[in-house]
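# have a look at this prediction, sequence included:
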Amino acid sequence: MIRFVDNLYLSDKIRSKISVIKWKMACGIGMTGVHFITLADNGRDLFDIYPAAVFKQKRIRKSDRVIIGVADSYDSAVHIVQEMIDKCMIDCGNLSDVRGYYEGLIKDHL
């Protein structure tokens, strides 16, 4: 089941449309240009950026994923990931455990 954290990282163009985007994703309705940011599935990488079209597949929508960011383009998603890493650097003082930082954030904000 797809879940969203309470404090999503959003691009400016998405901020006013987030409730519609969540509804469309839950129903499997296609959206162009929208990208979702999650923690990487493999455990070694930090984040995965998925286009909204991936979530049209029912088995993907039913899988256990937590969305931590939504962007209006791939470039915006990359910019959001950069902001997320910068925030981790400010809060932790180093980048040794970015994944652990966001895993803890997800547990706190679900």
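It's in. Residues are numbered from 1 along each chain as shown.
# how far away is the closest residue to residue 30 other than its chain neighbours from residue 24?
Leaving aside its sequence neighbours, residue 30 sits nearest to residue 56 (CB to CB, 6 or more residues apart in numbering; 5.7 Å). The C-beta positions use only the backbone N, C-alpha and C, and glycine is treated the same way. The gap separating residue 56 from residue 24 is 10 Å, by CB to CB, to the nearest Å.
# repeat for residue 74
19 Å.
# settle it for me: which of these two has more neighbours?
Higher neighbour count among residue 74 and residue 24: residue 24, with 17 against 12, using other CB atoms under 10 Å.
# pretty sure that one sits against residue 31.
Yes: using CB atoms under 8 Å, residue 24 is in contact with residue 31, at 5.6 Å.
# quick one: the strands in this structure, in order.
2-10, 35-39, 47-51, 65-71 (DSSP state E).
# now for the longest one, which elements pack on it?
The one in question is strand 2-10. helix 18-27, strand 65-71, helix 74-92 (3 or more CB pairs under 8 Å, 6 or more residues apart in numbering; DSSP states H and E).
# start and end of stretch 29-48, how far apart?
Between the opening and closing residues of stretch 29-48 there is a gap of 21 Å (CA to CA, to the nearest Å).
# same thing with stretch 39-57?
Note: stretch 39-57 ends 19 Å apart using CA to CA.
# and that stretch, which residues are buried?
By neighbour count with 16 or more other CB atoms under 10 Å, stretch 39-57 contains the buried residues 39, 47, 49-52, 55-56.
# pull the distance from that stretch to the chain's centre.
Centre-to-centre, stretch 39-57 and its host chain are 8 Å apart (CA atoms, centre = their mean, to the nearest Å).
# contacts for that stretch next, please.
Stretch 39-57 has contacts (CB atoms under 8 Å, 6 or more residues apart in numbering) with 2, 21, 24-25, 28-38, 60-61, 66, 68, 71, 74, 77-78, 81, 84-85, 98-99, 102-103, 106.
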